[in-house]
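Visitor: the sequence isn't on hand, but the structure is:
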């Protein structure tokens, strides 16, 4: 993909993302346990962006980070969901989610690499807000375990898409920068609307 094409594509994606800010979570509740949990990460553009972005960033970091960052992110998604289902409070959910999208976009755009433990800890911190939102969307008639299994599986799938996409961008740093800036811009727009 040439630079002009990548820029046009990223600009178009950013426009679509910004237009969707008001509807970040268009469907609040669903019937069913596993299906509702599985659907939730796909229904919020903020969740989709963050999960794919953490995978791209993990691929950029390379080495053990390619496994450690996604694993810690998905584990913390489950932990955040458990916090919500237990009734524990986590402040600034929507703003925290939007801030993670912004931060992950910047990490990709700037090709930030850090020690594996620090990167995994940061990814886990980001995931807590997302997991809390997923767990908080538990329908009253649904099984918490089935709901959690659904959102953890969907989250893992989105992160895996990001890792595979990120492997493609490693040889194309300009495309990675454009992608990162686009994700950061969408995160900023979502944060402004939170």
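Guide: That came through fine. Source: prediction; values computed, not measured. Residues are numbered from 1 along each chain as shown.

Visitor: what's the helix or strand for the closest residue to residue 107 other than its chain neighbours?
Guide: Leaving aside its chain neighbours, residue 107 sits nearest to residue 57 (5.0 Å; criterion: CB to CB, 6 or more residues apart in numbering). The way it works is simple: take the backbone N, C-alpha and C, and place the C-beta from them, glycine included. Secondary structure from DSSP states H and E places residue 57 in helix 45-61.

Visitor: in that helix, which residues are buried?
Guide: Buried residues in helix 45-61, counting neighbours by 16 or more other CB atoms under 10 Å, are found at 45-61.

Visitor: what about it, average pLDDT?
Guide: Here helix 45-61 scores 96 as its mean pLDDT.

Visitor: show me where this structure has helices.
Guide: Secondary structure of the chain (DSSP state H): helices located at 3-19, 34-43, 45-61, 65-86, 93-109, 116-136, 144-169, 173-193.

Visitor: can you tell me which of these is most buried?
Guide: helix 45-61 (a mean of 27; mean count of other CB atoms under 10 Å).

Visitor: I'd like the distance from it to the chain centre, please.
Guide: Taking CA atoms, centre = their mean, to the nearest Å, one finds the center of helix 45-61 at 5 Å from the center of the full chain.

Visitor: now do stretch 34-49
Guide: Worked out by CA atoms, centre = their mean, stretch 34-49 lies 10 Å from the chain centre.
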